[in-house]
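Undergrad: take a look and give me a structure for this.
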Amino acid sequence: MGRILEKLQKKSSQKRIKLKFVGGFDIKEKELEVEEGTRYSEVLSSLGINPETVVLVKDNTPIPIDDFVEDGEVVVMRVISGG
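TA: Just a heads-up that it's a prediction; the model follows:
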């Protein structure tokens, strides 16, 4: 019984996110499970993406890269600037 409870607690501490990449990325989508308490900036860094070069959008609303990961879909948009 203890193992089952431990497994359920461990599973509930995971967050499932689907990332959609826009603006010149090599990949289009990626689904991940990360530990609760992980920040979006950590996820981006682990994927080799500089968090300062993108904007994150969830439910048509920009979200800070230092927010904690929540379940759901997030669009990762590359910031392009020039003159």
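Undergrad: other SSEs contacting the strand of greatest length in the chain?
TA: Secondary structure of the chain read by DSSP state E shows that its longest strand is strand 14-22. Packed against strand 14-22 by the contact rule (3 or more C-beta pairs under 8 Å, 6 or more residues apart in numbering; DSSP states H and E) you find strand 29-35, strand 72-78. In short, each C-beta sits where N, CA and C put it, glycine included.
Undergrad: list the strands paired with that strand, with their directions.
TA: Here strand 14-22 has these sheet partners by DSSP bridges: strand 29-35 (antiparallel), strand 72-78 (parallel).
Undergrad: neighbouring contacts of the helix or strand encompassing residue 45?
TA: Following DSSP states H and E, one finds residue 45 within helix 40-46. Residues from elsewhere that reach helix 40-46 (C-beta atoms under 8 Å, 6 or more residues apart in numbering): 17, 19, 32, 34, 50-51, 54, 56, 63-69, 74, 76.
Undergrad: ok, 7 Å please
TA: For helix 40-46, contacts defined as C-beta atoms under 7 Å, 6 or more residues apart in numbering pick out 32, 34, 51, 54, 56, 65, 66, 67, 69.
Undergrad: who touches the closest residue in space to residue 20 that isn't next to it in sequence in this structure?
TA: Nearest residue to residue 20, sequence neighbours excluded (C-beta to C-beta, 6 or more residues apart in numbering): residue 75, at 4.9 Å. Going by C-beta under 7 Å, 6+ apart, residue 75 touches 20, 22, 57.
Undergrad: how many residues are close by the last one?
TA: Read it as residue 57. Using other C-beta atoms under 10 Å, the number of residues around residue 57 comes to 16.
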